[in-house]
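*Asks:* Below is the structure, and that's it, no one-letter string:
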């Protein structure tokens, strides 16, 4: 079993819909959870960063972590065509030098106008 | 936040040649990394670039193939040596700032013929 599993998509939704992106993981030691957004021909940019379980909200974006299920989600409300990108989940045990970040493969999201 | 630039943004190279990719960060970062992103695959860490000393390579990556330099806190280079078509990929430079947030450069898209 891979450490981080993420459905590559593509996921197509109409503008204005709520988008749900998910990842599962196998390593219970992961404590830090991140979502990156990557536009075509650009590097990933950090979107959300959460520590341990719970929810975190930032504008139209909500990150959710369920450590008991080893499941994390990113919700996008009122989705816009500009949200079309690849979304990568990432996680690590800690922030020390030896705590490597493990990335999912990314989910390609298309918001249809 | 840190702004990371990479040169070149893309290149097409012949088999057996080498390419050096440059990474410049606009502010001091504690750690710098080099990743590879192949189509449909997650980001794969190649190595940690250590200032003034040899880089720390991940399993499957060796210094002879991917020599890395980091002469100061804001600059690093990655060389892809003796290239083959299997080295065609996007190579990403990344830096971790004082707040432990990881930032990525725009990537270098390499095609080996």
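*Replies:* Sure, I can see it. These numbers come from a predicted model, not from an experiment.
*Asks:* Tell me, how many residues neighbour the residue nearest to residue A:77 when sequence neighbours are not counted?
*Replies:* Sequence neighbours aside, residue A:60 is the residue nearest to residue A:77 in space, at 4.6 Å (criterion: C-beta to C-beta, 6 or more residues apart in numbering or on different chains). Bear in mind the C-beta positions are built from the backbone N, C-alpha and C, glycine included. Residue A:60 has 14 neighbours, counted by other C-beta atoms under 10 Å in any protein chain shown.
*Asks:* Helix or strand: which one has the spatially most central residue of chain B?
*Replies:* Centroid-nearest residue in chain B: residue B:34, 3.4 Å away (criterion: C-alpha atoms, centre = their mean). If you go by DSSP states H and E, residue B:34 is part of strand B:31-37.
*Asks:* Mean confidence (pLDDT) on that strand, please.
*Replies:* Throughout strand B:31-37, pLDDT has a mean value of 94.
*Asks:* Adjacent strands (with direction) for the helix or strand following that strand?
*Replies:* For strand B:31-37, the following helix or strand on the C-terminal side (DSSP H and E) is strand B:44-49. When pairs are called by DSSP bridges, strand B:44-49 turns out to pair with strand B:31-37 (antiparallel), strand B:56-57 (antiparallel).
*Asks:* what about residue A:41, neighbour count?
*Replies:* For residue A:41, the neighbour count with other C-beta under 10 Å is 11.
*Asks:* got a pLDDT number for it?
*Replies:* Turning to residue A:41, the model gives it a pLDDT of 84.
*Asks:* Excluding covalently adjacent residues, which one is nearest to residue A:13?
*Replies:* Counting by C-beta to C-beta, 6+ apart, residue A:19 is the residue found nearest to residue A:13 once chain neighbours are left out, at 5.6 Å.
*Asks:* now swap in residue A:23 and tell me
*Replies:* Nearest non-adjacent residue to residue A:23, counting by C-beta to C-beta, 6+ apart: residue A:89, 3.7 Å away.
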